[in-house]
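Trainee: Just a sequence and a predicted model for now, questions to come.
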Amino acid sequence: MRSNRVLANSRLNKPVKKKWISQDAAWAFLLLIPLFIGILLIYSSTIFGFVMSFTNWDIVRKAEWVGIENYRTLAEDELVWKAMRNTLYFLIIAIPAKLIIGLALAVLLNQKLKGVNFFRLTYFFPTACSVVAIALVWGYLYGVDGFLNTLLQGLGLSKVYWMDEHNAMNSIAIMSLWGGVGYIALLFLAGLQNVPPEYYEASRVDGANRFQQFRMITLPLLTPTTFFILITQMITVFQMFGENYLMPGPLNSTLSIVQYIFTEAFQGFRMGYASALSYILILIIFIITIVQFKLQKKWVNYDL
Amino acid sequence: MKNKKLISLVIVSVLALSMVLSACSSSTKTGGNNEPSGKETTIRFSTWYGPGDIEIWKEVIKRFEADHPTIKVKFEPLEWDTYWQKIQTQLASKAAPDVIGMHVGVVYGYAEKDQLESLNSYLETGEHKIDELPESLAAEGQWPKDDPQQYALPWHFTGGALFVNLTAFKEAGIEYPEQGWTLDEFTEAAGKLTTSTRFGFLTPSFSMNAGLMGAFGTEPTTADKLHSNYNSPEVLEYKTWLHDLIYKYKVAPNPKDVDGKVDPFIAGKVAMSLGGAWNFPVYRKIENFDWDIAPMPTRDGVSKTYAGPDMLSLPKDGKNKEAAWEFIQFAVFDDKAQEILRNTGLPMLKKDLADDTVINEIAQQKPAHIKLFLEGATTDGVGYAFTKKFFEIAKLENDADVKIMQNPNPDIKKELENLHSLVNKEFEKK
């Protein structure tokens, strides 16, 4: 009996060997490996790109350090400024149009009407289409003898040169609006459905009409959604490539920044210069996003 | 115990991942043997493709492998844009296929970067000689122009022909033009062919300008292909003449009014048009009117025809150069390959060009006057901006043409001076 007690005591006093890693943690590490490798690749190429922006690397020959030469050159490059102006122009016309039309569509799609789901699907459908397919179809619509001009001439109006240097950017904006407004409407629709109905009931009791309800309740409570759309759409516009690449206007009238980066990198193989351009683009997006986040405090309402 | 298992699992996973990654690296061992004799060698062949090219190349490869049982060819066709992006990175990482398709407009850029193997020694010791090809076609694969080395060989050639709507000619009471007809006669014919629904001629864009600009005695680049020639008086005169066809003689449409989605020649909207020989298979399907090709107009007795071969090259860092050369030799010089390859282009070997059976076979399918075109292309053939900046010059000239040809009152001299300066800047870029 005594000996058993001694044995038990000795077991209790024996220091327990600590596991250096728990089983759960080991599993977590294992499952995180692919993600870690992915992140490593992204960040290492980001750093590599930054270093490359100070070289004249052309893929073939050994890179030479050129200091800030690439950054100096891009400041004097007319095409950089042209691409910048084009991108800003697109930003100014396309985003407000998408916001206004997207909101109007969302309000309509929020009605309790028979068959409203069909309309929701119809307006969202272009969002699921490939940009290549969209550009192909709109290319035919915008042709000099295309569908739109045939329609205009049938109505006794003169034809429009949709893709000339004056109209090409607007035409791409219309195409982009058609392709993307369904997604914006969907986001607004989700926002509208999150507005508590009590606010409308209370305002009705106070005698507010539909317009007043929209202005004083709906719009303020949609500002977080609007803010999200603004940020994401702005980044999308700065990264605009597919539409412009597939439907180029003459005289660089639709050249976007990313398109120019692509041309320099994969057609001219001036990787150093393209990297410098990429870093300027990142900087612009970063600054505008910071400004938007600062300003949002003044106009975004999370409650009434 | 469980932890040990888990750690082993982690190590095995990492090892497996690194094996996968290493498999994705630029290992290019295909045959491993540098000589075609004895052991089986597999070579890789990549090129861009147009309509019908893939089937044709597959048949050529089949015939080559039957003739060369120790060499297998792995065919890697790519779309035009993808091809030029991929080939550059493959060459840079020394992982390029053993035989690569080469465009006449860019071969010089690759040769200058020392990425292509000179074919001179192969031609000296090989069973076929360069003089089996017309000089003008062989010259397009040579660089530099003052001390040329052969870096590419043509596998077929294409060119720019003057397509004419014979039905419209007949309706307008115009005879099929004689060899040597002048630019004035051409303009007059274009005038007669112009009706309320049709223009006589469509002004050409970029390389299709070659023949007519050649008749004016000039080219877009200097003889060394390293400088712009756009500010020469001859180019000014040529572009002014084209502009006059639109706004003074009113025999050609404003290019802005031409729908790029529809070929205006097929649509019957223009009666004469400069187009690529690659249009033959498509134009053979035209049923609304009869068509042919006509001799290029002349000026002061000078006539030029645009000609440009599609070529094959050996990368400098190729792993199976001897076997790859066997394949190039077969494609370029062997009848078994050429009788297929000319289906998407034109015959190019001197012996084929002199063979009436070969020429008549094409003439029967249309265009009837193919011989006239082939003679023009091989005796007075001219390229267009075939330099290391071909694509960049194309973009710049097309932009200048928008400003000149779409504007009734342009300052043509100023636009050409501007184009000249932009092209030279492009040449200066590394």
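Mentor: Cool, the structure landed.
Trainee: Please pull out the lowest mean pLDDT helix or strand from chain A.
Mentor: helix A:2-13 (a mean of 51; mean pLDDT, DSSP states H and E).
Trainee: after that one, next one along is what?
Mentor: helix A:23-52 (DSSP states H and E).
Trainee: next one: stretch B:373-380 to chain centre, how far?
Mentor: Offset of stretch B:373-380 from its chain centre (C-alpha atoms, centre = their mean, to the nearest Å): 16 Å.
Trainee: make that stretch A:168-186, sorry
Mentor: With C-alpha atoms, centre = their mean as the basis, the mean position of stretch A:168-186 lies at 13 Å from the chain mean.
Trainee: Check whether it comes near chain B.
Mentor: No - Stretch A:168-186 is not in contact with chain B by C-beta under 8 Å from any C-beta of the partner chain; minimum separation 11.4 Å. C-beta here means a position set from N, CA and C on the backbone, and glycine is covered the same way.
Trainee: Okay, buried residues for that stretch please.
Mentor: A:168-169, A:171-186 (16 or more other C-beta atoms under 10 Å in any protein chain shown).
Trainee: How about stretch A:97-117?
Mentor: Those would be A:97-99, A:102-103, A:105-106, A:109-110, for stretch A:97-117 by 16+ other C-beta under 10 Å.
Trainee: What of stretch B:320-339?
Mentor: By neighbour count on 16+ other C-beta under 10 Å, the buried set for stretch B:320-339 is B:320-334, B:336-338.
Trainee: I'd like the average pLDDT over that stretch.
Mentor: Stretch B:320-339 comes out with an average pLDDT of 96.
Trainee: who's in contact with it?
Mentor: B:30-31, B:33-36, B:41-43, B:45, B:60, B:63-64, B:67-68, B:71, B:73, B:98-99, B:117, B:119, B:122, B:126-128, B:132-133, B:153-156, B:312, B:314, B:318, B:341, B:347-349, B:352 (C-beta atoms under 8 Å, 6 or more residues apart in numbering or on different chains).
Trainee: Around chain A, pick out the residues from the stretch 151-300 of chain B.
Mentor: B:256-262.
Trainee: What's the PyMOL line that selects buried ones from those?
Mentor: Selecting only the buried entries of those in PyMOL, with 16+ other C-beta under 10 Å as the criterion:
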select buried, chain B and resi 258+259
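Trainee: In a markdown table: the residues of the stretch 151-300 of chain B next to chain A, plus pLDDT and secondary structure.
Mentor: Below are those laid out as a markdown table (pLDDT from 0 to 100; DSSP: H, G, I helix; E, B strand; the rest coil):
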| residue | pLDDT | secondary structure |
| --- | --- | --- |
| B:256 | 94 | helix |
| B:257 | 95 | helix |
| B:258 | 95 | coil |
| B:259 | 91 | coil |
| B:260 | 86 | coil |
| B:261 | 85 | coil |
| B:262 | 89 | coil |
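Trainee: what residues are up against residue 208?
Mentor: Going with chain A. Taking C-beta under 8 Å, 6+ apart as the test, what residue A:208 contacts is residue A:216.
Trainee: That was the other one, I meant chain B.
Mentor: So residue B:208 contacts B:160, B:274-276, B:306 (C-beta under 8 Å, 6+ apart).
Trainee: returning to what we had before: could you tell me which of the buried residues of stretch B:320-339 are located in helices?
Mentor: B:321-333, B:336-338 (DSSP state H).
Trainee: Nearest to chain A among the residues you listed?
Mentor: Distance to chain A across these (C-beta to the nearest C-beta) is lowest for residue B:321, with 19.5 Å.
Trainee: picking up where we left off before, residue A:137: which of the ones in helices among the buried residues of stretch B:320-339 is nearest?
Mentor: residue B:331 (39.4 Å; C-beta to C-beta).
Trainee: separation between residue B:386 and residue B:109?
Mentor: In this view, residue B:386 and residue B:109 are 11 Å apart by C-beta to C-beta, to the nearest Å.
Trainee: of the two, who's got more company?
Mentor: More neighbours surround residue B:386 than the other of residue B:386 and residue B:109, with 23 against 19 (other C-beta atoms under 10 Å in any protein chain shown).
Trainee: Could you look up the SS state of that one?
Mentor: coil (DSSP: H, G, I helix; E, B strand; the rest coil).
Trainee: Any chance of the backbone angles for it?
Mentor: When read as degrees, to the nearest 10, the backbone of residue B:386 gives phi -80, psi 80.
Trainee: Surely it touches residue B:220?
Mentor: No - using C-beta atoms under 8 Å, residue B:386 makes no contact with residue B:220, being 9.8 Å away.
Trainee: Let's see which of the buried residues of stretch A:97-117 end up in helices.
Mentor: Those of these lying in helices (DSSP H): A:97-99, A:102-103, A:105-106, A:109.
Trainee: ok, so of these, who is nearest chain B?
Mentor: Nearest to chain B among these, with distances taken as C-beta to the nearest C-beta, is residue A:97, at 26.6 Å.
Trainee: Was I right to think that closest one contacts residue A:176?
Mentor: No - Residue A:97 is not in contact with residue A:176 according to C-beta under 8 Å; the separation is 9.3 Å.
Trainee: Quick one: classify the closest residue to residue A:218 other than its chain neighbours as helix, strand or coil.
Mentor: With C-beta to C-beta, 6 or more residues apart in numbering or on different chains as the criterion, residue A:218 has its nearest non-adjacent residue at 6.2 Å, and that residue is residue A:195. At residue A:195 the chain is in coil, as set by three-state DSSP.
Trainee: any idea how far residue A:195 lies from chain B?
Mentor: Separation of residue A:195 from chain B (C-beta to the nearest C-beta, to the nearest Å): 47 Å.
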